[in-house]
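for reference, the sequence and a predicted model appear below.
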Amino acid sequence: QVQLVESGGGLVQAGGSLRLSCAASGRTFRRYGMGWFRQAPGKEREFVAAINWSSGSTYYADSVKGRFTISRDNAKNTMYLQMNSLKPEDTAVYYCAATRSNIATNIPEVDYWGKGTLITVSS
């Protein structure tokens, strides 16, 4: 069982930056693929970024590529999402996700979810 707790959400102006953190419980954090998904008001939850457990390879949605950076610190059981050049369309609840598989870029592949943290980007 893995418990995930996000932090770092808030209100930011367009063009600004934020860093999200996801703290995970459990001693096997390093063996989980980790990722971020988001859900904007009135829209379905969508993939944002992921990092696998085996090599640290990263994957991004086209909409955030070049602006967002995912990383993990296995010693701290924590994953991060550095978000730069934020746009109003990035406004959403951001969810931390974990998978027993190497990587999860689709919702059915996710085994555990955090409760989410709200990011609001004002124009």
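Looks like it came in fine.

ok, for the most centrally placed residue in the chain, nearest residue in space, not its chain neighbours?
Nearest residue to the geometric centre of the chain (CA atoms, centre = their mean): residue 36, 2.3 Å. In space, and not counting its chain neighbours, residue 36 is closest to residue 48: 4.3 Å by CB to CB, 6 or more residues apart in numbering. (Glycine included, C-beta is placed from N, CA and C.)

what are the boundaries of the helices in the chain?
Counting by DSSP state H, the chain has no helices to list.

pull out the buried residues from stretch 90-105.
The neighbour-count check on stretch 90-105 (16 or more other CB atoms under 10 Å) flags 90-99, 103-105 as buried.

strands - which of those residues land there?
Counting by DSSP state E, these place 92, 93, 94, 95, 96, 97, 98, 99 in strands.

can I get the residues you listed in JSON lines with pLDDT and distance to residue 60?
As requested, these are arranged in JSON lines below (pLDDT from 0 to 100; distance: CB to CB, whole Å):
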{"residue": "92", "pLDDT": "98", "distance to residue 60": "15"}
{"residue": "93", "pLDDT": "98", "distance to residue 60": "19"}
{"residue": "94", "pLDDT": "98", "distance to residue 60": "14"}
{"residue": "95", "pLDDT": "98", "distance to residue 60": "16"}
{"residue": "96", "pLDDT": "97", "distance to residue 60": "16"}
{"residue": "97", "pLDDT": "97", "distance to residue 60": "14"}
{"residue": "98", "pLDDT": "96", "distance to residue 60": "18"}
{"residue": "99", "pLDDT": "95", "distance to residue 60": "17"}
